[in-house]
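>>> sequence below, structure please.
(chains A, B and C)
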Amino acid sequence: MSATPSGKSGSKNKGKNSKSPRASAGDGTPSSTKGGGNNPEHAPTAKKDLASVGQSTQEACPQSKGKKQGEPAAALDMGGADGGSSADQAKQTKVKKPKPEAVKKPESGDGEQKSKAQLKAERRALQEAQRAAKEAKKKEAGAGAASGPADLTATKKEAPTEKPKPKAPDSAPKIKTKAMSKEAPKGETEDEMWARKEKEILGKSLKIDNNILNLGFQYFHHKIVGANARCIAMLVQLREVIGKYRTPPEKELCRDLEKSLLAPCITYINYCRPLSTSMGNAIKHLKYHISRIPSDMDDHKAITKLQGVIDTFIEDNIMKASEGVAVQAMTKIVDGDVILVYAASSLICQVLKMAHSKGKKFHVIVVEGRPRTEGKSMLRFLVRCGIPCSYVYIGSATHAMGEATKVFLGAAAMFSIGDMHSRTGNSMIAALAQSYNIPVLVCCETYKFTDKVQLHLADSNLHARGRELIARGRHNHPSVLLTSAGDSSNSSAAPAPNLLNLMYDVTKSRHITVLVTELGMLPCTSVPVVLRRQEDLVAEV
Amino acid sequence: MDDEAVLNHFNELMRADPEMSSAVAAITTLVKLMESSKAETLSGLVDTIRKATSMMLTTDFSYASITSGCEQFLRYTTLANLQETNFQKIMLHRGKVFLNNALKARAKIVSMAQQFVDDGTTILTHCRSRVVMQVLKAAALQKKRFTVFVTESHPDKNGYAAKEELSQVGIPTTVILDSAVGYIMERVQMVMVGAEGIVENGGIINKIGTYPLAVCAKQMNKPVYVVAESFKFVRAFPLSQRDVPDVYKYRASTIRAGKDLEQEHPTVDYTSPEFISLMFTDLGVLTPSAVSDELIKLYC
Amino acid sequence: MPAGEGDKASGLKERIETFVDEMKKGNSVNSCEIAINTINLLIRIISQAKFTSARELLKHVKAEGKYLQAGDPSENIIGNMIRRVLKIIREEYRAIIAQESGMERAVNFEDMSLAVDEEEDYTKLTPSLKASVIEAISELKTEIEGGAENIAAMAPNYIHENDIILTIGRSRTVEAFFKSAALKKIKFQVLVSECAPFCHGHEMAKNLAEAKINTTLITECQLGTIMPRVNKVIIGTHSFMANGGLKAITGTNILALLAKEHNKDVIVCSNLYKLSPLFHSTMKHASFNKFASPNELLDYEDAELLAKVEVIAPIFDYVPPDLISMVVSNNGPQSVSFVYRLVKDYYHPDDVEL
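This is a model prediction of the structure:
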C-alpha cells in the first residue's frame, strides 16, 4: 500500500540523503549488508551499521514470498514514517542493494576472533545483562509479556556455573537524574552504561537466533522506531524463527516453544530496548495461541498455524486497524483546516495522506522535538504527498497553535484510565492545545490498548542515550558541551552537566478530546470498555 | 439653582447629546450649580452639591456612573487648601479642571485602546457602550479590518443600535443572542466591554450579561478588555452579585414604585477582576489592581 | 575649538552608526550591555547637544532615540533606556523649576489627584539642566550595572535545600542567581531546558555544572514529563511588557503554561531596565518578534523541504502575566499585577510613543 512514497522517494533522493549528516552518522563503519544472513558472528556488527527494516524483512521472508510481500513493504513503510533513522536506513538499503560490490569485508569485530578469556568475560557480561534485563523488565510496564520464570531458565541455561558478580553495577534500572549523577561512587556514567550494554548484546551472539540478534541490535540503535514498525518487525522475525523450530523429542510444542524459543528471544529483545506495549500485546496474543495448540498436533501443522496467527495479527490488528483509524479520523478533517502534528507517527501519516488523496484541502504544521528530530521524516513524507506544511520546534509551538484548528497525535499505547503513552512532548502539545481550545484527536489502534497504568513516567534513560542531546542535530553550531563533556573519563576535566533524554511521556486524558480507533471515535474513558471487549472476544474464540 | 432646575439641566444635557456619559452630564450640572451657587460657607456648598447629586440619582440613568462621577467631583474639588474666603473660587476652578479632564478622557482612551484592535481580529462586545463604539470606530478609521459580534442585550436591545452604528462606518457586525455568547466565543479573539462603574478591586459593574460573557471568555482563554473613563472608579467593594446594592441594580423608578425586587430584572451585574485582563482608562492601560491604587490616592 | 567640536560630533555620529549597525546585524551581546551602550550614547548625545530649553532637549533626544531604536525595533531595551532618560530630563527640569520658584513639590495636590495632569511646556530656561541630567543618567547607569548582583543576592530567599529547579535557555541574571545560592552552600538541583533551536541552554548547563551545581540538561519536549518533579521554575526574560507579560526566549510560554498546569511557581529574575512601557497583548504585533533563519531548523541539505515548507522560527515568546507568580527585580520582589505602577514611576506617558 503506502510503501511506494517512502521507497520511491528514497531512491530518488539517494544522493542527497547519503550526504545528510544523520544518515552518515549511523554509518560510521561501512560493513557487510549480507553478513547477517549467514554469519551469526558478524550479524550484530553488520546490523549495527546497516540494519534496516526493509532488509531484515526481506531476509525474513524468503520462503513465503507470494502472499507476504505486502507485509515487508508495510513494515518498511511504517519504519519510514515512524522514525527518521529507520527511514534513512531504508533508503540506504535501496541505494546499496543494486550494487553488491559496495559490500565490504565484514569487520573483524567482537564476534569473530575471541580468545577464551574474552569469551569468558562475555559470558559474565551476558549474565549480568540478563540480570539487568530482568530488573529492567520489572520497571518497564509495557513489557508484561516476557515472564519471570522463562528468564530464570535462560540465565541458568546460559551461565550455569558462574555466580553473579555482586559488585557489578546494576545500572539498567537507573531512575531519573539523581541516579545518574557521577558523584555516586559505585555508579557508572551513563555513557559507560550504554557501552557496556552494547558489549553485552554483542556477547549474546552465540545463543540466540541470528534474525532476532539483528533485530535486537536494530532496536538498540533505534534503527527501527515507532510502535507499529517495532511490532511488525518483531512479529516478522518471530514468524521466521518459529518456522525453524522443531519440537525436541519428549517435549510438547505448546510448552517448549514458548519456554525454550520465545522466552529467550523476548528477554533479549527487551534487554536491547524495553518492549513497547504494541509488542507486548502482540506477544501476549501469540503466547495465547501457542498455549492452545493441542499437544498431539504435528510440528508442521502447528507451525503453519502459528505463522497464520502472526499473519492475521499483522493483517487485522495492525494493517486493517490503522486503515480503519485513518478512515475514521479523516472524516474530522475539513477543507481549510490547519492540523498540528507532533514528531512522527505512521498512523497520522496515513490519516493525512488519505485525507489528502480524498481531495481535502488542509495545511499541516509539523512540530519537532529534539534530539530525535523525527518530525523531519514526517515532514518529508507529507511534502512528498503534496500537502502544504509548516515546521516549528516544540518550544515555539505556541506560535503555531494560534493558527491550528485541530491537533492530531499518535499514541504508543493507551492506558486503561484513558491516559496516553507516547513520545515525549505529546503531553505538552496536548496541554497547550487545550489552553488554546483546540481539539486534540488521538489516533490509536486498539491493539495498543493496555490494562497497565502509569501516572508519571519514570523510564529514565533506558530507551535513549543522553548524549544524543548534544551529539545530534545542530550541525552548524556544535554544542559547547561536546568538547567539555566529551571525555567523561577524564576526571580532571571540569564537572559536566548530566544529560536527560526521556523517550516517553504520559498525556492526561483530560487533555484529549477524542480517541480515534478503528472501532470509531471514542472518549478516553472507553479504553477499559474496549479492553473488556477484547477479552470477551478472546474468550469466545 | 433649585432641585428642579438641577434635574432639568441634567435631563436636558442627556437629551441633547446621547453620546454624553451620564457621569459627565452630572458633573457638568454640578459645575453649573457651583457657578450659580450662593452658598456662604464651605459646608453649605458641599451640602448643595450632595443634594443635587441625590436628585440626579433619582433619574433612571446609570446609578453607578452618576454616583462615582459626583463623588469624585466632590472629593476632588474639596481636596485643596480651602479657606472660607476663597473656597468658592478654588472649588469652581478645580471643578472646571475636573470637568475638562472628564471631557477629554474619552479621546485619550480611544487613542490608546484602538491600538489593541489588531488587523483581522474578531471582537465580541456587549450591549452598546459609548466608549467602546468610539474605540471601534477609531480603529476602523485607521483602516484596520476586523469583525464585531455584538450581543443583542436584553432587555433594552441596544445591540441592534450598536450594529447599526458600526455598520455605518463599514465594520462587519453581527448581532448575536445573549444566550449565544458561549457559541460564538471560540471564534473571537478578544472581548471588549464598557463599564458603568469600576469598583475598588478592579471589578466592574456593567449592563446585565457582562458577567457570563467574562466567565465564558476566561474559560476559553480570551482576553477581556474593559474600556472606561477613570471618573467611573467608585469606592465600593461588592463581594457577590447579591452584595451589589439594590440602587445599582434596579432603576430608581422601579425602586420608588416599591415593586417586589425579586420579581424585577436587575439592570447590571458585577464582574470580578479575575475575569478582566486589562482596563483602558484615561489614566493609561491598567491592570485591575491599579484601580485601588488610584482610589487610595484620591480618598485616603 | 570649533574644529574640535566638529570632530566630537562626527565621532558621535560614527558611534551611533556602529551601534545601529550592530543592532541591525543582530549580533547583539547581552541585554545589560545593550542598555549600557545605549545610555553611554545618550550621555554623549546630551552632552554635545545644544539647546536652550528642556523642550528642545527632549525633542532632540527623542529624535536620536528613534534612530537608535530603528536599528532593531524589537529590542525593547533601547527604547526603555531612551524613555528613562527622557523621564530623567523631565524630572530634573521640574526639580530645577521647583527649586527656583521655592515651591515644595511634595505637597502638590495635583499630583495626588486622579485624572489630572497639568500641562508642562518645558520651555523655561534652565542652564543647569545639562549637568544635572547627565549626573542623573550616570546614576541610572550604576544602578543597571549593579542590578544583577542585587538580584543574585536575593537567591537564598527563593532557593532552598533540595529544591529541584527548572530553567530555560541562558540568562546571565539567572545564572548569577543560581551561583549565588550555590555559594551559600545550598544544595539544589537545576534542570536546564536547552532552548532549541538555539541551544543556549547547553552553555548555561555547562556554566552551572562548572560552578558545582547539580545540573541536568533536557530538551524542551521533556518539559511536560519533568514538570511534576520540579519544585519551582526560575527564568530570565528579554523584557517585560507594561501589563506584566514577558517577552522571553521561545519556549518560555509553554514552560510557564505547564508550570501553571502543575501549580508550580514561576519566578522571573529580571532587572527593571527590562521593563517596557509598551503593550503587546498578542504576539502578532510587528515589532514584538524576530524570526531566526530556517537554517536553524532545517539543514541546507534538506533543500527539497526548505523550498516547500514554511519554517516558523520565532526568537521570542509572549508569556501572559497570569502565568507568572512573581518577579525578582533589583528593587526586590514584585507582583506582576503591580508592574503598571513601576511603569508609571519610570516612564512619562508622553514618551511611550517615541
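
>>> in the stretch 401-541 of chain A, which spans are helices?
Listed in chain order, the helices of the stretch 401-541 of chain A (DSSP state H, counting those that start in this stretch) span residues A:426-435, A:468-471, A:480-484, A:527-540.

>>> of all the ones you listed, which one is nearest residue A:317?
helix A:527-540 (9.8 Å; C-beta to C-beta). (Glycine included, C-beta is placed from N, CA and C.)

>>> domain-wise, how is the chain divided?
Using chain A here. A:3-102, A:116-167+A:186-220+A:230-321, A:331-459+A:503-540 (automatic domain parsing).

>>> you looked at the wrong chain, it should be chain C
According to automatic domain parsing, the domains of chain C span C:2-147, C:154-351.

>>> report the mean per-residue pLDDT for the first one.
Put plainly, it is domain C:2-147. For domain C:2-147, mean pLDDT is 80.

>>> might you report the residue contacts of the residue of the stretch 251-354 of chain C found nearest chain B?
With C-beta to the nearest C-beta, the shortest gap between the stretch 251-354 of chain C and chain B falls at residue C:337, namely 4.2 Å. Taking C-beta atoms under 8 Å, 6 or more residues apart in numbering or on different chains, we find residue C:337 in contact with B:287, B:288, B:289, C:244, C:321.

>>> what are the buried residues along the helix or strand residue A:199 falls within?
Using DSSP states H and E, residue A:199 maps to helix A:190-203. Buried residues in helix A:190-203, counted by 16 or more other C-beta atoms under 10 Å in any protein chain shown: A:190, A:191, A:193, A:194, A:196, A:197, A:198, A:200, A:201, A:202, A:203.

>>> please report how far the residue of the stretch 251-354 of chain C closest to chain B lies from residue B:271.
Separation of residue C:337 from residue B:271 (C-beta to C-beta, to the nearest Å): 17 Å.

>>> and the residue nearest the centre of chain C, how far is that from chain A?
Nearest residue to the geometric centre of chain C (C-alpha atoms, centre = their mean): residue C:274, 2.0 Å. Separation of residue C:274 from chain A (C-beta to the nearest C-beta, to the nearest Å): 20 Å.

>>> what's near enough to touch the closest residue to that residue other than its chain neighbours?
Leaving aside its chain neighbours, residue C:274 sits nearest to residue C:239 (4.4 Å; criterion: C-beta to C-beta, 6 or more residues apart in numbering or on different chains). With contact set as C-beta under 8 Å, 6+ apart, residue C:239 has these partners: C:31, C:76, C:77, C:80, C:246, C:247, C:274, C:275, C:276.

>>> from residue C:318, how far off is residue C:239?
From residue C:239 to residue C:318 the distance is 11 Å (C-beta to C-beta).

>>> same deal with residue A:195?
Residue A:195 is 44 Å from residue C:318, where distance means C-beta to C-beta.

>>> try residue A:347
Counting by C-beta to C-beta - residue A:347 and residue C:318 are separated by 33 Å.

>>> and what of residue C:100?
45 Å.

>>> more crowded one of those two?
Taking other C-beta atoms under 10 Å in any protein chain shown, residue C:100 and residue C:318 do not tie; residue C:318 has more neighbours (23 against 11).

>>> element containing that one?
strand C:316-319.

>>> check whether that strand contacts chain B.
No. Strand C:316-319 does not reach chain B (C-beta under 8 Å from any C-beta of the partner chain); its nearest approach is 11.8 Å.

>>> does anything pack onto that strand? Which helices or strands?
Applying 3 or more C-beta pairs under 8 Å, 6 or more residues apart in numbering or on different chains; DSSP states H and E, one finds that strand C:316-319 contacts strand C:246-249, helix C:252-261.

>>> could these go into CSV alongside mean pLDDT and mean neighbour count?
Below are the helices and strands packed on strand C:316-319 laid out as CSV (pLDDT from 0 to 100; neighbours: other C-beta atoms under 10 Å in any protein chain shown):
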stretch, mean pLDDT, mean neighbour count
strand C:246-249, 90, 27
helix C:252-261, 94, 25
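
>>> out of the ones you listed, the one nearest residue A:378 is which?
Minimum separation from residue A:378 across the helices and strands packed on strand C:316-319 (C-beta to C-beta) falls at helix C:252-261, 19.8 Å.

>>> check which helices and strands the closest one sits against.
Using 3+ C-beta pairs under 8 Å, 6+ apart, helix C:252-261 sits against helix A:397-401, helix A:426-435, strand C:164-168, helix C:223-226, strand C:232-235, strand C:265-269, strand C:316-319.

>>> ok, and what's touching it?
Contacts to helix C:252-261, defined as C-beta under 8 Å, 6+ apart, come from residues A:394-395, A:397-398, A:428, A:431-432, A:435, C:166, C:168-169, C:193, C:220, C:223-224, C:227, C:230, C:233, C:235, C:237, C:246, C:265-266, C:317-319, C:322-324.

>>> which of those are buried?
Looks like the contacts of helix C:252-261 have A:394-395, A:397-398, A:428, A:431-432, A:435, C:166, C:168-169, C:193, C:220, C:223-224, C:227, C:230, C:233, C:235, C:237, C:246, C:266, C:317-319, C:322-324 buried, using 16+ other C-beta under 10 Å.

>>> ok so, going back, quick check: next helix or strand after the helix holding residue A:199?
helix A:210-220.

>>> quick check: buried residues in that following helix?
A:210, A:211, A:212, A:213, A:214, A:215, A:216, A:217, A:218, A:219, A:220.

>>> out of the residues you listed, flag the one nearest to residue C:41.
Taking C-beta to C-beta as the measure, residue C:41 lies nearest residue A:220 of the buried residues of helix A:210-220, at 58.3 Å.

>>> disregarding residues adjacent in the polypeptide, which is nearest to that closest one?
residue A:272 (4.2 Å).

>>> residue contacts, that neighbour?
A:201, A:216, A:217, A:219, A:220.

>>> from those residues, which is closest to chain B?
Using C-beta to the nearest C-beta, the contacts of residue A:272 come closest to chain B at residue A:219, 41.6 Å.

>>> my guess is that closest one meets residue A:270, correct?
No. Using C-beta atoms under 8 Å, residue A:219 is not in contact with residue A:270, being 9.3 Å away.
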